[in-house]
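**Q** pasting a predicted model and its sequence here:
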Amino acid sequence: MPRIVLVHPQIPPNTGNVARTCAATGTELHLVGPLGFEISDRYLRRAGLDYWPYVQLYCHNSWQAFVELHAEQRGRWIGFSVSGSCNYLQFKYWEDDWLLFGSETNGLPAKVLNACHTTVYIPMTQPQVRSLNLSVSAAVGLFEARRQLGH
């Protein structure tokens with residue numbers, strides 16, 4: 001099953017909403033610090049409602065700590081970015097993929113984008129709209145991967 005990775009998320013309710021999506025789908029959620037909030041933040045907890053016991057949550061203090069964990073496991077890093085090279089609908093997902101999403105303000109850092117197997121984008125019709133909300137992007141990407149994989 002693909003996993004969701006939020007790299008340096010900044011807004012607690014967005015992360016809480018992603019956590020709720022992960023709880024509903026049985027998807028692992030990895031948070032890579034530094035975070036823009038404390039895990040105990042009331043807005044984070046509120047957005048996740050009472051679903052936190054159902055979230056397979058992994059917190060990594062740094063990108064390097066996450067890289068070390070990933071070295072022990074398999075899977076490609078699929079970076080979601082407005083500058084991605086492939087439409088997320090045209091990409092072929094695998095069961096062991098890691099879907100990476102960056103902070104709400106800066107997206108994925110260059111070193112993370114460069115480490116990705118590939119980058120994908122979610123197309124938008126209006127050029128004036130820079131990006132979608134983080135929790136929406138994570139849900140859209142996860143559900144497309146799940147659809148392709150028959151979940």
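**A** Cool, got the structure.

**Q** can we go C-alpha only for contacts and neighbour counts from here?
**A** OK.

**Q** any idea whether residue 120 is helix, strand or coil?
**A** strand (DSSP: H, G, I helix; E, B strand; the rest coil).

**Q** contacting residues for the residue nearest to residue 23 when sequence neighbours are not counted?
**A** In this structure, residue 23 finds its nearest non-sequential neighbour in residue 55, 4.6 Å apart by CA to CA, 6 or more residues apart in numbering. The contact partners of residue 55, by CA atoms under 8 Å, 6 or more residues apart in numbering, come to 19-20, 22-23, 26-29.

**Q** among those, which pair sits farthest apart?
**A** Comparing all pairs in the contacts of residue 55 by CA to CA, the longest separation belongs to 20 and 28, at 11.1 Å.

**Q** what number of residues lie near residue 74?
**A** The local packing of residue 74 (other CA atoms under 10 Å) involves 10 other residues.

**Q** grab the nearest non-local neighbour of it.
**A** Nearest residue to residue 74, sequence neighbours excluded (CA to CA, 6+ apart): residue 96, at 6.6 Å.

**Q** wait, is the one you found part of a strand?
**A** No - if the criterion is three-state DSSP, then residue 96 is coil and not within a strand.

**Q** before we move on, what SS does residue 40 have?
**A** Going by three-state DSSP: residue 40 is coil.

**Q** that one and residue 142: what is the separation?
**A** From residue 40 across to residue 142, the span is 25 Å (CA to CA, to the nearest Å).

**Q** quick one, which of those two is more surrounded?
**A** Comparing residue 40 with residue 142 by other CA under 10 Å, the one with more neighbours is residue 142, at 22 against 9.

**Q** find the helix or strand that the more buried one is a member of.
**A** If you go by DSSP states H and E, residue 142 is part of helix 134-148.

**Q** against which helices or strands is that helix packed?
**A** helix 12-25, strand 98-101 (3 or more CA pairs under 8 Å, 6 or more residues apart in numbering; DSSP states H and E).

**Q** one more pass at 10 Å, please.
**A** Using 3 or more CA pairs under 10 Å, 6 or more residues apart in numbering; DSSP states H and E, the elements in contact with helix 134-148 are strand 3-7, helix 12-25, strand 77-80, strand 98-101, strand 118-121.
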